[in-house]
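Peer 1: show me how the following folds:
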Amino acid sequence: MSTTADVVKPGAPIPRMKLALIALALCVVYPFFPFIDIAVEQLTGEALRLDRQLVNIAIFAILALALNLQVGYAGLLQLGIAAFFAIGAYTTGILTVGKYPFQLELWGALAAAPLVAGMAGLALGAPTLRLRGDYLAIVTLGFAEVVRVLLINLEGITDGPRGLNPIPEPWLPRWLRNLVDVSADAQRVRFLAVYFLAIGSLAALYVGFRTLERSKLGRAFVALREDELASACMGVNPTRTKLIAFASGAAIAGYAGALYACNLTTTAEPNTYDFNYSIMVLCCIIIGGLGSLRGAILGAAVLLGFDNVVSPLLTKVLQRAAAGDSNNVLYSFSNWRWLIFGTALVLMMRFRPAGLWPSERLAAELKEHDR
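Peer 2: Numbering: from 1, shown residues only. Sure, this is the predicted structure:
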């Protein structure tokens, strides 16, 4: 027997949870039925390989959720998320690459990376979380630069600017490997393992954060963000709450770094984890909506999709249209894509400052303010 709340009227929007489940189902089946790739290749003659980009989007969505926990929930303005991302990646490399004596399976490294990154978050947060606003942002930015320089200079441990490689493929049960090997090679097996691990981790984090929002700790985060003094008067311990948010976000960022290294089969060079990564992830949660789970994921999809999918595709289309005029810089979309992105960001901040998909609390506040 259905209740009134379960009935969806004709023409009514699909409930948000159903949209999330539909998106998850499409991501699960897409590697086996890449309908968008087929359509794009028929129209443009270029291979899109969207499934490869979906892995990156999922990894950076996890990273955006980590930063959203710190900035969107607890109100801690930090600009060094790339440092914890790098710590997770290099922890994975050190524990799995053959030149070191550890040589753990990737599953062990995936468990160790968030622990190491979380401890780094505790070490940084304990003495610095007394700072607020811009001062905290400057400290975390400096920490990220220190980590990057250390990774370059500790050549005996990190191989300097070359990075650590190759990272071995994840161990899979024989029955599962044989099931996939029927129609795929070893590289395809590795990709599918990382793909479903990233998608599954993102889904699990989404459910976990939804639970956190309704918990006592989640409400403490929001109270701390809105007014630290008032939250302290109501019994919230500001220092402990900030430290939990900071260390938890760092641990999740370290896990995202481990997935990133596994996907690339290398830690990548240290300069990869520069200030641009931190700003890019911050843009993801600003575009989607601060404090919004769906907004953080949507922001990562929009930004990574624009940068890694739309931009290269349009560049190839324009170059094909240019024919013999390949020296004209205007025919390379990558030369003016950031102008378009910057203009879109300015317009969005002007006309939709809450983000593309703001949190339910913020949406309700804005609706009440407009009355």
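
Peer 1: can you give me the strands in the stretch 1-150 of the chain?
Peer 2: Taking DSSP state E, counting those that start in this stretch, the stretch 1-150 of the chain contains no strands at all.

Peer 1: what distance do you get for the closest residue to L259 other than its chain neighbours to S311?
Peer 2: Once flanking residues are discounted, L259 sits nearest to I59: 5.0 Å by Cβ to Cβ, 6 or more residues apart in numbering. In short, each C-beta sits where N, CA and C put it, glycine included. Distance, I59 to S311, using Cβ to Cβ, to the nearest Å: 19 Å.

Peer 1: neighbour count winner among these two?
Peer 2: For I59 versus S311, neighbours defined as other Cβ atoms under 10 Å are more numerous around I59 (26 against 18).

Peer 1: surely the more buried one touches A258?
Peer 2: No - under the criterion of Cβ atoms under 8 Å, I59 is not in contact with A258, lying 9.6 Å apart.

Peer 1: which residues are in contact with the residue nearest to L259?
Peer 2: By Cβ atoms under 8 Å, 6 or more residues apart in numbering, the contact list for I59 reads 198, 256, 259-260, 263.

Peer 1: for R52, same thing?
Peer 2: So R52 contacts F191 (Cβ under 8 Å, 6+ apart).

Peer 1: ok, and the most crowded of the contacts of I59?
Peer 2: Neighbour max across those (other Cβ under 10 Å) = A256, 32 neighbours.

Peer 1: pLDDT value on that one, please?
Peer 2: We note a pLDDT of 97 for A256 in this prediction.

Peer 1: now it: how far from A61?
Peer 2: For A256, the distance to A61 - Cβ to Cβ - is 9 Å.

Peer 1: and if you look at A193?
Peer 2: Relative to A61, and taking Cβ to Cβ, A193 is found at 19 Å.

Peer 1: re the thing from before, pull the most distant pair out of the contacts of I59.
Peer 2: Spatially, the most separated pair among the contacts of I59 is A256 and N263, at 10.4 Å (Cβ to Cβ).

Peer 1: against which helices or strands is the helix or strand where L345 lies packed?
Peer 2: Here L345 sits within helix 337-351, counting by DSSP states H and E. Other helices and strands packing on helix 337-351, by 3 or more Cβ pairs under 8 Å, 6 or more residues apart in numbering; DSSP states H and E, are helix 275-288.

Peer 1: can you give me the offset of the helix it packs on from its chain's centre?
Peer 2: 9 Å (Cα atoms, centre = their mean, to the nearest Å).

Peer 1: okay, angle between that helix and helix 337-351 too, please.
Peer 2: On the basis of axes from the mean of the first three to the mean of the last three Cα atoms, to 10 degrees, helix 275-288 is oriented at 40 degrees to helix 337-351.

Peer 1: ignoring the adjacent residues along the chain, who's closest to F221?
Peer 2: Y73 (4.1 Å).

Peer 1: that neighbour touches A223, doesn't it?
Peer 2: No - look at Y73 against A223 with Cβ under 8 Å: they stay out of range, at 10.4 Å.

Peer 1: more neighbours, these two?
Peer 2: Counted by other Cβ under 10 Å, Y73 and A223 do not tie: Y73 has more neighbours, with 25 against 20.

Peer 1: quick check, pLDDT for that one.
Peer 2: The score at Y73 is 93. That number is its pLDDT.

Peer 1: give me every residue that touches it.
Peer 2: By Cβ under 8 Å, 6+ apart, the contact list for Y73 reads 218, 221-222, 225, 245, 291.

Peer 1: nearest to V139, of the residues you listed?
Peer 2: Within these, proximity to V139 (Cβ to Cβ) peaks at A245, which comes in at 15.7 Å.

Peer 1: need the contact list for V28.
Peer 2: 196, 199.

Peer 1: now do the helices in the stretch 151-300 of the chain.
Peer 2: Here the stretch 151-300 of the chain has its helices, by DSSP state H, counting those that start in this stretch, at 155-158, 174-181, 186-213, 216-226, 228-233, 238-264, 275-288, 293-305.

Peer 1: let me have those in CSV, extended by distance to A83.
Peer 2: Formatted as CSV, the helices of the stretch 151-300 of the chain follow (distance: least, Cβ to Cβ, whole Å):
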stretch, distance to A83
helix 155-158, 14
helix 174-181, 35
helix 186-213, 20
helix 216-226, 22
helix 228-233, 25
helix 238-264, 8
helix 275-288, 8
helix 293-305, 19
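
Peer 1: would you single out the least confident of those helices?
Peer 2: helix 174-181 (a mean of 60).

Peer 1: so what's the residue positioned nearest the centre of the chain closest to, chain neighbours aside?
Peer 2: Compute the mean C-alpha point of the chain, and by Cα atoms, centre = their mean the closest residue is F60, 2.1 Å away. Setting aside the residues directly before and after it, F60 is nearest to A300 in space (Cβ to Cβ, 6+ apart), at 4.7 Å.

Peer 1: so what's that neighbour up against?
Peer 2: 57, 60-61, 63-64, 281, 284, 288.

Peer 1: just checking, N308 touches L54?
Peer 2: No - applying Cβ under 8 Å, one finds N308 not in contact with L54, separated by 10.2 Å.

Peer 1: of the two, who's got more company?
Peer 2: Neighbour count, other Cβ under 10 Å: between N308 and L54, L54 has more, with 21 against 16.

Peer 1: contacting residues around that one?
Peer 2: 27, 30, 195, 199.
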